[in-house]
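*Asks:* Okay, predicted coordinates and the sequence, questions at the end:
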Amino acid sequence: MIEFDQVSKRYPGGHEALKQLSFQMPAGDMRFLTGHSGAGKSTLLKLIMVMERATSGQVVVNGHNLTRLPARRIPELRRRIGVVFQNHQLLFDRSVFDNVALPLVIAGYGHRDIGRRVRAALDKVGLLDKERQNPISLSGGEQQRVGIARAVVNKPALLLADEPTGNLDPQLSAEIMHLFEQFKQVGVTVLIATHDLSLIARMPYRLLSLRNGQLVTAGGGDDVAQ
Ligand SMILES: Nc1ncnc2c1ncn2[C@@H]1O[C@H](COP(=O)(O)OP(=O)(O)OP(=O)(O)O)[C@@H](O)[C@H]1O
C-alpha cells in the first residue's frame, strides 16, 4: 500500500527534511507517525499526497510509483486518499452537509448520490442530526468529526491525518482515535501523525518514529507501540 525506498527530501534552500527513509506499510494497517517538531512528519505525509516530491528514492502508493507519476494523474490519486488536518479547514459560511459534500461536488457526483454518501459519512461520525447546522455552532470535537466525515466521504482506501487531536482535550482525543480505529476495522489503511504519545501509548499499533528526518530504529525495528 505504502512503500518508501531510500527516500530523501531536500527543500529549496537546502534543508534535508527526510533522509534515506525506507519502510513498508501493508494495506489495512494502522500506524502512528511520531517525532519532535520539525522531524519530518508533515513532509512524509505530503510525499504520499504528492503535495511534495521526493528528491531521491522511490515512494509507491497503491501500486503507483509517485516519483514518476505525471502531474495530470495526481487528482485521481488524491481522490483515493482522505486527509484530516489539525485545524480541519472547514468552511464556516456553509452547512455541515455542504462541507462534507465538497469532495463529491468537485468529483462531479450527482445530487442523489451526494445526499446518500454525505449522510452515510455523517452517520459514521455520529453527526447525522447536525447536517443543517453551520460548523461554527459545533464544539471542537464535533468540528473535527465533520473534517473526518469529509475525508472519508469518497470512501478512500487510505486515510492520512496530521495532528488530528492537536486542539482537543484527552477525552475527545481518545474518541477521535477510536473513530480512526473503526475505519481501520473496515479495511481502510490509516496513518496518523501525532505528538500525543500518552494518547497512543495504550493503543496496539506500530509506530513510525522520526528524528531529524530519519527513522528511529533503536528500541525495536521500526518500533512496536506496546
Ligand atoms: N516548504 C518548505 N521549505 C523549506 N523547509 C521546509 C518546508 N516545509 C518544511 N520544511 C522544513 O523541513 C523540516 C521538517 O518539517 P515538517 O513540517 O515535515 O516537520 P513536522 O515533523 O511535521 O513538524 P511539526 O510537528 O512541527 O509539524 C523542518 O525543519 C521544516 O522547517
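*Replies:* That came through fine. Residues are numbered from 1 along each chain as shown.
*Asks:* Which pLDDT value belongs to the spatially most central residue of the chain?
*Replies:* Centroid-nearest residue in the chain: Leu160, 1.3 Å away (criterion: C-alpha atoms, centre = their mean). pLDDT, Leu160: 97.
*Asks:* beta partners for it?
*Replies:* As for beta bridges, Leu160 partners with Val83, Leu191 under DSSP bridges.
*Asks:* hang on, it packs against Arg78?
*Replies:* No: the pair Leu160 / Arg78 is not scored as a contact, 10.6 Å apart, by C-beta atoms under 8 Å. The way it works is simple: take the backbone N, C-alpha and C, and place the C-beta from them, glycine included.
*Asks:* any residues in contact with both of the two?
*Replies:* Residues touching both Leu160 and Arg78 (C-beta atoms under 8 Å, 6 or more residues apart in numbering) are Met49.
*Asks:* for this protein, what's the longest helix?
*Replies:* Secondary structure of the chain per DSSP state H: the longest helix is helix 170-185.
*Asks:* which residues are contacting that helix?
*Replies:* Defining contact as C-beta under 8 Å, 6+ apart, one finds that helix 170-185 is touched by 28-30, 124-125, 140-141, 144-145, 148, 152, 159, 161, 164-165, 168, 190, 192, 196, 198-200, 203.
*Asks:* Of these, which count as buried by neighbour count?
*Replies:* The neighbour count (16 or more other C-beta atoms under 10 Å) marks 29-30, 124-125, 141, 144-145, 148, 152, 159, 161, 164-165, 168, 190, 192, 196, 199-200, 203 as buried among the contacts of helix 170-185.
*Asks:* so what's the backbone phi/psi at Gly14?
*Replies:* Main-chain torsions, Gly14, degrees, to the nearest 10: phi 100, psi -10.
*Asks:* show me what contacts it?
*Replies:* Gly14 touches nothing, counting by C-beta under 8 Å, 6+ apart.
*Asks:* just the residues of the protein that are near the ligand, which are they?
*Replies:* With C-beta under 6 Å from any ligand atom as the criterion, the chain meets the ligand at residues Tyr11, Gly13, His15, Ala17, Gly35, Ser37, Gly38, Ala39, Gly40, Lys41, Ser42, Thr43.
*Asks:* Among these, name the ones in helices.
*Replies:* Lys41, Ser42, Thr43.
*Asks:* Neighbours of the second one, how many?
*Replies:* Neighbours of Ser42 under the rule other C-beta atoms under 10 Å: 17.
*Asks:* distance of the residue nearest to the centre of the chain from Ala201?
*Replies:* According to C-beta to C-beta, to the nearest Å, Leu160 stands 21 Å off from Ala201.
*Asks:* Likewise for Met1?
*Replies:* Counting by C-beta to C-beta - Met1 and Ala201 are separated by 25 Å.
*Asks:* Likewise for Lys124?
*Replies:* Lys124 is 26 Å from Ala201, where distance means C-beta to C-beta.
*Asks:* Please apply the same query to Arg79.
*Replies:* As for Arg79, its distance to Ala201 is 34 Å (criterion: C-beta to C-beta).
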